[in-house]
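**Q** What follows is a predicted protein model with its sequence.
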Amino acid sequence: MAELLKGKPVVESIAADLAPSIAALKQTGVTPTLAIVRVGERPDDLSYERTARKRAESLGCAVRPFALDAFAPQEELEAVLREVNHDATIHGCLLFRPLPSFIDETQVCELLDPQKDIDGITLASLASVFTDGAVGYPPATAAACMHMLDHYRVPLEGKHVVVVGRSLVVGKPVSMLLLRRNASVTMCHSKTENLPAICRSADVVICATGRARGFGAEFFSPGQTVLDVGINFDASGNLCGDVDFDAVKPIVAAITPVPGGIGTVTTSVTMAHTVAAAQVAEQCASLRL
C-alpha cells in the first residue's frame, strides 16, 4: 500500500522555516503583506482567498483583498495593479485567473511589478524559471510540487520524471524546476501517443491535466511516486484529483491525496514567496538610506 504524501507536514515545515524571517522583518516594522486581486466571485477563488487569509494569519503575515465586480472594465483592474505596484507596504500580489474573456489577460499580467509577482504570472518571472534567473518567483503550484518532493526526500537526480500537462501554471514550470535538479523530464499531454506506457516507465509521475480521475491503474507501476495536482469535481460533486486514487494507491510506492496534498502546500508557498519579496524590499530600502 502506498505511502500518503500529505500536505500538512510540509505546511508545518514551511511555517517553521519562515518564522525567523517573519520575526526579523517585524522587528524592523515590516509585516509581509500579500495583495489578493479578485474579479468576480468564483467559488474556487473565494475558497483560496479564505485559505490564504487563514495561512497568513497563522504566520503573522497580512492579506489585502482587492475585490472587483465580475463586469469591472479592464481599466479598473489596471488601476488596482498600479496601486499595488506603488504601495510599498504590499510585498506580493496574487491575481486570480482566469480573468473574464473581455479582459486582455496578458496585458494585465504584464502591468504587475515582477518583484511583487509571487505566482509567476509575468513574462519576466516565467523567463527566470526557464533561464534560472533571479527575477520574480515560479508559479506557486509548481513550487509546491518541489517542496513536496523535497520534504519526503524523493530522489530526483538522474531519475525519470513524467509530467503530464503543459500549462504555464504547472506543467512547463515544474518541468524546468525538475531539470534544475538534474532529473530527466518527459513532458506529456492529451495528444501524447502511448501515454500509459510512458507514465509506467517513470520513477515519478506528476499529473496536472484537470481531468477528474483520468489516470487509472493502467498508467502506473510499482515503486513510483505520484503527485496529483488536479483539483476537480466528479459527477457526484465530490472533490477529486486527476488520478483515480483508490485504483492507483495499491500499486505505487507513494501518492499525494486530493484533498490534503499539493493544494494544501500551494498557499504556504504563496506566503513563502511573499515573505521573500518582503525581505528583498526591505534590503533595497536599507540600501537607499
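**A** All right, it came through fine. Residues are numbered from 1 along each chain as shown.

**Q** This protein: helices as residue ranges?
**A** 7-27, 43-59, 74-86, 105-111, 123-131, 140-151, 171-180, 195-200, 245-248, 262-288 (DSSP state H).

**Q** low-confidence ranges in this protein?
**A** For the chain, the stretches with pLDDT under 70 are 286-289.

**Q** hang on, the earlier thing: between the helices of the chain, which gets nearest to Gln224?
**A** In terms of C-beta to C-beta, the element of those nearest to Gln224 is helix 195-200, at 8.1 Å. Where C-beta positions appear, they are placed from N, C-alpha and C, glycine not excepted.

**Q** for the closest one, packing partners?
**A** Judged by 3 or more C-beta pairs under 8 Å, 6 or more residues apart in numbering; DSSP states H and E, helix 195-200 is in contact with strand 160-164, strand 184-188.

**Q** Can you add distance to Val248 and give the ones you listed back as JSON lines?
**A** Shown next, in JSON lines, are the helices and strands packed on helix 195-200 (distance: least, C-beta to C-beta, whole Å):
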{"stretch": "strand 160-164", "distance to Val248": "13"}
{"stretch": "strand 184-188", "distance to Val248": "17"}
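
**Q** Go through those strands and pick out the most buried.
**A** strand 160-164 (a mean of 24; mean count of other C-beta atoms under 10 Å).

**Q** What strands line up against that strand, and which way round?
**A** Sheet pairing of strand 160-164 (DSSP bridges) gives strand 184-188 (parallel), strand 204-207 (parallel).

**Q** before we move on, the earlier item: so which of the helices and strands packed on helix 195-200 is nearest Phe245?
**A** strand 160-164 (15.7 Å).

**Q** quick check: domain ranges of this structure?
**A** 29-113, 140-263 (automatic domain parsing).

**Q** who's Met187 bridged to?
**A** Applying DSSP bridges, one finds that Met187 bridges with Val163.

**Q** Can you say which of the helices of the chain is nearest to Ala254?
**A** Among those, helix 140-151 sits nearest to Ala254 (C-beta to C-beta), with 10.0 Å.

**Q** Mind listing residues that contact the closest one?
**A** Contact with helix 140-151 is made by 5, 7, 9-10, 13-14, 118-120, 129, 137, 156, 169-170, 173-174, 177-178, 181, 204, 206, 208, 225, 227, 229, 256, 261-262, 265-270, 273, as judged by C-beta atoms under 8 Å, 6 or more residues apart in numbering.

**Q** for stretch 159-175, same thing?
**A** For stretch 159-175, the surrounding residues in contact (C-beta under 8 Å, 6+ apart) are 120, 126, 129, 138-139, 141-142, 145-146, 178, 183-189, 192, 195, 198-199, 201-210, 215, 229, 242.

**Q** Ok, stretch 68-78 next?
**A** 37-41, 80, 99-100, 102-104, 107-108, 111.

**Q** In that stretch, which residues are buried?
**A** Under the neighbour-count criterion of 16 or more other C-beta atoms under 10 Å, stretch 68-78 has 68, 72, 74, 77 buried.

**Q** Check those and tell me the two furthest apart.
**A** Greatest spatial distance in the buried residues of stretch 68-78: Leu68 and Gln74, 10.4 Å, computed using C-beta to C-beta.

**Q** can the strands paired with strand 160-164 go into CSV with extra columns for distance to His151?
**A** CSV is the format used below for the strands paired with strand 160-164 (distance: least, C-beta to C-beta, whole Å):
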stretch, distance to His151
strand 184-188, 20
strand 204-207, 14
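
**Q** just so I know, which of those strands lies nearest Gln27?
**A** Here strand 204-207 is closest among these (C-beta to C-beta), at 39.1 Å.
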